[in-house]
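S.K.: sequence and computational prediction follow.
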Amino acid sequence: MTLSYNETYQILKEMKIQGIDLKTPKKVDFFVSVPSKQKGQCVAKKVRQYDFDTSVEQDEETLEWTCYCTKTIVPEASLIFNLESTLNEIAKLYGGYIDGFGFMENNHSHTP
């Protein structure tokens, strides 16, 4: 589910209205849904070339696999949009897709 630039912009705008400082670097997590642990590890290996920290985890309830791709950035709409597009292109090679982003701020997680 790649968000459009306008959707990403609106999410960040709402965060700013809530008082979240978007001018300082944040550890942003991008969620990549993958069909298996093996495919997730392939995605993780590829995206590390783009300076992401990665982990591949399975949800205990749904049993679905996610490759978490984390990068410290200043959360700006065009950068997030471009990173999601890049991650989605890589994920598609392995049967996966980008499934949103989020970050922790004041002990609250924000995800679209």
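M.R.: Noted; the coordinates are in hand.

S.K.: how about the helices in this structure?
M.R.: 5-17, 37-47, 77-92 (DSSP state H).

S.K.: and D53, which of those helices is closest to it?
M.R.: helix 37-47 (9.4 Å; Cβ to Cβ). Backbone N, C-alpha and C define where each C-beta goes, glycine included.

S.K.: report the buried residues of the closest one.
M.R.: 39-44, 46-47 (16 or more other Cβ atoms under 10 Å).

S.K.: turn those into CSV, including pLDDT and distance to S55.
M.R.: Compiled in CSV, the buried residues of helix 37-47 are given as follows (pLDDT from 0 to 100; distance: Cβ to Cβ, whole Å):
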residue, pLDDT, distance to S55
K39, 98, 14
G40, 97, 9
Q41, 98, 10
C42, 98, 14
V43, 98, 11
A44, 98, 7
K46, 97, 14
V47, 97, 11
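
S.K.: can you pull the contacts of T54?
M.R.: By Cβ atoms under 8 Å, 6 or more residues apart in numbering, T54 lies in contact with 43-44, 47-48, 67-70.

S.K.: of those residues, which is the nearest to S4?
M.R.: C69 (19.8 Å).

S.K.: and the closest one, how far from K23?
M.R.: 23 Å (Cβ to Cβ, to the nearest Å).

S.K.: looking at the two, which one has more neighbours?
M.R.: When C69 and K23 are compared for neighbours, C69 comes out ahead with 28 against 8, by other Cβ atoms under 10 Å.

S.K.: wait, isn't the more buried one in contact with V47?
M.R.: Yes. Counting by Cβ atoms under 8 Å, C69 does reach V47; the two are 5.1 Å apart.

S.K.: helix or strand with the lowest mean pLDDT in this structure?
M.R.: strand 108-110 (a mean of 45; mean pLDDT, DSSP states H and E).

S.K.: residues contacting V56?
M.R.: V56 neighbours (Cβ under 8 Å, 6+ apart): 34, 37, 40-41, 43-44, 65-68.

S.K.: cool, and V74?
M.R.: 22-26.
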